[in-house]
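Chemist: quick one: sequence and predicted model below, then my questions.
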Amino acid sequence: MRRIVSVWLIDWPVTVWRRSATRARRPASPPDPALDPQNPFALILKNSRGAAILHALNPAARRAGLRRGQTQADARAMIPQLICKPADPEADARALTALAVWAERWSPSVSLDPAGEGLEGLFLDVTGAAHLFGGEKALLAQIRDRLAEAGIPARTALASTPGAAWALARWGEAGGEGAIADEDTVRDRLAPLPVEALRIDAHTLAQARRFGLKRIGDLYPMPRAGLARRFRDGAGVGLVQRLDQALGFAGEALTPVRPPPKYRAWRTWMEPVEDIEGVAARLAELAADLSAPLVRDGQGAKALTLTGFRSDGGTTHLSVRMGRPGRDAAIWLRLFREAGLGRLELGFGLDALMLTADAVELMTPRQGALESEAEAKQAESLAALIDRLTARLGEDRVLTPEPVDSWIPERAERWRPALGRSPAAANGDAGRRPILLLDPPEPVEAIAELPDGAPARFTWRRLSRRVTRADGPERLSPEWWRPRPDDRQVRTRDYYRVEDDAGGRYWLFREGLYGREFSGAAEERAPSWWMHGVLP
C-alpha cells in the first residue's frame, strides 16, 4: 500500500525571508522590528497593473484581519504599523528545492508541492520505510520537530494518496491519529473537510458552494456523471478527478526533485558530527553498507554522492565518478579522500549521512589471456590512476587525446576527459611526429633546393642551424572546405624531419608548392617555412 506524507510549510515565503534576514544580521546590530513575531509583517509583490499587493503574511498580520491579495494601500489603512518588505518568489522556489533535498533523510523520493495562496509544501513517498523511524506517528512527529528546530513551522499528514495527505495536512487535525489515514479510513477522514481541501481552483470552488456543496462528504452520494455535468466550463470534471485522486480511485504521479537512487545507504546519529574525521569514520561504514547490495545484485557503481544533512536544515554534497564500475569500499574511500572531504560544509554539525550510487552498471566476469595478464594489470592500474587524478583535480583537468578525421596535424586530435576512456593507442606515426606541437607554428627562414628539396640550413628563434640529415617530404593536401580565419589561401604542406649538427631533431614544413601554388607573380604569396615541433 502506497504511503505519502504531505508537509505543509506554513507561511513559507515569510519563513524564507526571516531565515535570510537573520543570517545577514550582524551581532551588534539593533533589533529588527520585522523579525519580531508580534509585529504585523507582510511580503509584497506588484500585480499586472503595477499595484503592490500582499503576497505573504505572518500570523500577527492575519490576526489583524489582513489577507493575501489585498492591496498594500488598503492594508496600511487598516494597520498603519504594518511592516512590508519586497517578496522574492525565485528565492522561495530555490529554498523549497533545497529543503526537499534535505528531506531525503526520510525518503529517497521527495517532490515539490508549489501550491499558491500560502499552501506550499512537500510530498514524501515513505512506502515501506515508516518502520525505520518508529512507525508512522513517530515519523510525522520527527518531521515536525526537525523542521521546528530549523525555525520552519509546518503541519504533516500521512495517507495512501497525495490528495488525501494534502487535505489532512492543511484542514485536518493537527498531529495525532487524525493526521493519518489508510485505505479503510480515508473516506471518513476526508468527509468533514471543506471542499477546497480537494485542491480545486477558485472558479470550481465558487460553483460548488453555490450548489450547497460545502464538505467533501457532500460529494459522496452524488453520481459522478451528474456531478460533472452540473458545473460549467468542464469544472465538474476537474472536481470529480480531484475527488477520485484523493480517494485512490484515480492515480496521481509525483515527480521527485532528484531521481531516487536504486542503491543508497544512510545513517543518523543523536549527536551531530562536527569534524571531518568523524565524517570519514562514518563514511567507511556507509561504503560497506552500500557495497553489500551491489555485490548481491552483480552491479558496480560508476558515480557516488555523499550527502550530509546538517542540523541547521541545510545539506552538503560531495560526488566522485569512476571510469569503470566497481564495488570496492576501500577504493571508494580513497576517491572521496582525493576529492577532498574538507570541502563538505558541516555548519553546526551533521546528524545524518547518505551515500548513493548515482550510476550503476552490470559487472560481468571477463576471462583474460594468460599472455596479456601484465597488460590487463597495467590497464587496471591506469584506470585507477585516472579515477584518483580526476577526483583530486576535476574531470575537466585530466584529459586524453582523441583521434579526429583530419590530415592536418593540429586538427588530427582533440582533448576529452580521460574518465571512462581508454587512452588513445599509438598510431603508425609514433616516433615520426612530435608528441607536442607548437601552436601556432613558428616562422623559419630556410635555404633549400627548389622545388621540393629539404632545407640545408634554417634559422629559428634567431639561431642558425645546419642540417646534416633530412627525411621527407611528407605531403599533406589542404582541406579546401575549411577556409582560414584570415581568408588566406589554403595551401599544401610538405613536412620534413631534419637533424642539425648539434643532434637536435625538428619537424618543419613548407607551406605552398613552387610551380603549382606559386609561379613567381608579384601578386602571389611565395611558399614559406614553419617549425611545427621538436622530435625526441
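Modeler: In hand now; what should we look at?
Chemist: how near is Arg267 to Arg337?
Modeler: In this view, Arg267 and Arg337 are 19 Å apart by CB to CB, to the nearest Å. C-betas here are computed from N, CA, C, even on glycine.
Chemist: likewise Glu474?
Modeler: In terms of CB to CB, Glu474 sits 48 Å off from Arg337.
Chemist: doesn't Ile447 belong to a strand?
Modeler: Yes - under DSSP: H, G, I helix; E, B strand; the rest coil, Ile447 sits within a strand.
Chemist: contacting residues for it?
Modeler: By CB atoms under 8 Å, 6 or more residues apart in numbering, the residues touching Ile447 are 455-458.
Chemist: which residues in the stretch 251-400 of the chain form helices?
Modeler: For the stretch 251-400 of the chain, applying DSSP state H, counting those that start in this stretch gives helices covering 276-297, 329-339, 373-393.
Chemist: with the stretch 101-250 of the chain instead?
Modeler: Under DSSP H, counting those that start in this stretch, the stretch 101-250 of the chain gives helices at 136-149, 162-171, 186-190, 202-210, 224-230, 235-247.
Chemist: in the longest one, what counts as buried?
Modeler: Using 16 or more other CB atoms under 10 Å as the test for burial, helix 136-149 gives 136-137, 139-144, 146-147.
Chemist: how about the residues you listed in JSON lines, adding pLDDT and distance to Gly342?
Modeler: Converted to JSON lines, those look like this (pLDDT from 0 to 100; distance: CB to CB, whole Å):
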{"residue": "Glu136", "pLDDT": "90", "distance to Gly342": "39"}
{"residue": "Lys137", "pLDDT": "90", "distance to Gly342": "40"}
{"residue": "Leu139", "pLDDT": "91", "distance to Gly342": "34"}
{"residue": "Leu140", "pLDDT": "92", "distance to Gly342": "36"}
{"residue": "Ala141", "pLDDT": "91", "distance to Gly342": "35"}
{"residue": "Gln142", "pLDDT": "90", "distance to Gly342": "30"}
{"residue": "Ile143", "pLDDT": "92", "distance to Gly342": "31"}
{"residue": "Arg144", "pLDDT": "91", "distance to Gly342": "34"}
{"residue": "Arg146", "pLDDT": "88", "distance to Gly342": "26"}
{"residue": "Leu147", "pLDDT": "90", "distance to Gly342": "29"}
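Chemist: grab the nearest non-local neighbour of the residue sitting nearest the centre point of the chain.
Modeler: By CA atoms, centre = their mean, the mean C-alpha position of the chain lies nearest to Arg258, the distance being 8.2 Å. Distances taken as CB to CB, 6 or more residues apart in numbering place Val101 nearest to Arg258, at 6.8 Å, with adjacent residues excluded.
Chemist: check contacts around that neighbour.
Modeler: Per CB under 8 Å, 6+ apart, neighbours of Val101: 110, 257-258, 307, 315.
Chemist: and if you look at Gly298?
Modeler: 362-364.
Chemist: got a winner among those for most neighbours?
Modeler: Note: the member of the contacts of Gly298 with the most neighbours is Met363, at 17 neighbours, neighbours being other CB atoms under 10 Å.
Chemist: ok, that residue touching Lys302?
Modeler: No - between Met363 and Lys302 there is no contact, the gap being 10.4 Å when judged by CB atoms under 8 Å.
Chemist: which one of the contacts of Val101 is nearest His131?
Modeler: Val110 (18.9 Å; CB to CB).
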